[in-house]
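S.K.: Provide a 3D model corresponding to the input given below.
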Amino acid sequence: MAAIVEETRTALGSGDIYLAEPTAEQLAMTDIDQLITTFCVDANRFGNTKNGGSVKYTQEKVVVEDDLGKIVETYLVKDGAEMTCGTITVGPEIIKKLTETGRVETTTSGRKVIKIGGVGNADGKSYLICFHHKNAQHGDIRVFLLGSNNSELSFAFDQQNPLVLTPTFTAKAMDAVGTKLIIVFDKNGTD
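M.R.: Okay, here's the model as predicted:
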């Protein structure tokens, strides 16, 4: 019997971020190939990436042990996921998606104004987010998460460095079984 060889790869570099309110069809995620071709499009591109992105999956476990150490069992009781990424592109619609209370208005002269704050203004929206790491040699990697930004919104205006927004999107369950992340590994040469 031949040994099974798992495909592995290295990943070096950043990627593109896509973010939008998902459609019901996209939330169903029954066809990942279709999700990639309909969601990862320029209209859903979330700014320009700075400082890459990171994904974290956490598990909380409880160890149950009898007094004599004869029975030791471990139970998974909670899990979670987060995606942190940076963007150097700033605009009212980008900021609105990072703040649950953001509202965008246009003045009579055409200026865009975003007003932030007031818990009564919370919209409770969740977004579908995809971090797309491109790798022509080994194949692309995409990470999908459904959630909202749970980190602070911080602006640093600096003469030497660009303003970088660094949201942390906390995952919600994507389906009835609690899926928090979908990670897609392309084969070499596929989009």
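
S.K.: quick check: Ile141 touching Ile183?
M.R.: Yes. Counting by CB atoms under 8 Å, Ile141 does reach Ile183; the two are 6.9 Å apart. Just so you know, the C-beta spots here come from the backbone N, C-alpha and C atoms, and that holds for glycine as well.

S.K.: okay, those two: which has more neighbours?
M.R.: Neighbours per residue (other CB atoms under 10 Å) separate Ile141 from Ile183, with Ile141 holding more: 17 against 12.

S.K.: beta partners of that one?
M.R.: Beta-bridge pairing of Ile141 under DSSP bridges involves His133, Phe185.

S.K.: ok, it to Cys130 distance?
M.R.: From Ile141 across to Cys130, the span is 11 Å (CB to CB, to the nearest Å).

S.K.: what kind of secondary structure is the residue of the chain most remote from its centre in?
M.R.: When each C-alpha in the chain is compared with the mean C-alpha position (CA atoms, centre = their mean), Leu68 comes out farthest, at 44.6 Å. The local conformation at Leu68, judged by DSSP: H, G, I helix; E, B strand; the rest coil, is coil.

S.K.: per-residue confidence at it?
M.R.: According to the prediction, Leu68 has pLDDT 90.

S.K.: and Arg9, by the same measure?
M.R.: 71.

S.K.: how much space between it and Asp140?
M.R.: 10 Å.

S.K.: compare the two (neighbour count), which wins?
M.R.: Taking other CB under 10 Å, Arg9 and Asp140 do not tie; Asp140 has more neighbours (21 against 11).
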